[in-house]
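In: After the sequence you'll find the predicted model.
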Amino acid sequence: MADVFDEIRSAARAVAETAVWVRVDRAAIPAYAEMLPQEAMAAAALDPATHYLGQGEDTVAFILALDAINFGSGYFPCIRKRPGLSPNFFLPDR
């Protein structure tokens, strides 16, 4: 029986394989993985000052929504980035 992560991987694979405008250069993946800062990635943690943490399913929903908005969604032109911070921490334009 497939778990939720198998389902996610399968769906992502299907999207990548049917993409018209974007291609994954599979041969470049190993070299890219080698250049990633493994130590820094292992130490990464969510900051409770900027993330909704400790709320079970609500925290999961927050992280999924945050990632959906930030992953190529096109929202960045509509928000103002706070000085010195990632675009993840924005002020909505009004």
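Out: Okay, I see it.

In: Every contact and neighbour count from this point should use C-alpha atoms.
Out: Will do.

In: you'd agree Leu85 is in a helix?
Out: No: read with DSSP: H, G, I helix; E, B strand; the rest coil, Leu85 is coil and lies in no helix.

In: quick one: it from Thr50, how far?
Out: 11 Å (CA to CA, to the nearest Å).

In: For the spatially most central residue of the chain, which three-state class applies?
Out: For the chain, the residue nearest the mean C-alpha position is Asp67 (4.4 Å; CA atoms, centre = their mean). Secondary structure for Asp67, judged by three-state DSSP, is helix.

In: Okay, it and Ala28: tell me how far apart.
Out: For Asp67, the distance to Ala28 (CA to CA) stands at 24 Å.

In: can you check Met35 too?
Out: Counting by CA to CA, the gap from Met35 to Ala28 is 11 Å.

In: what do you get for Val15?
Out: Look at Val15 and Ala28: by CA to CA, they are 19 Å apart.

In: how about the strands in this structure?
Out: Secondary structure of the chain (DSSP state E): strands at 79-81, 90-92.

In: Those strands: lowest mean pLDDT?
Out: When these are ranked by mean pLDDT, strand 90-92 comes last with a mean of 54.

In: Let me know the pLDDT of Glu57.
Out: 91.
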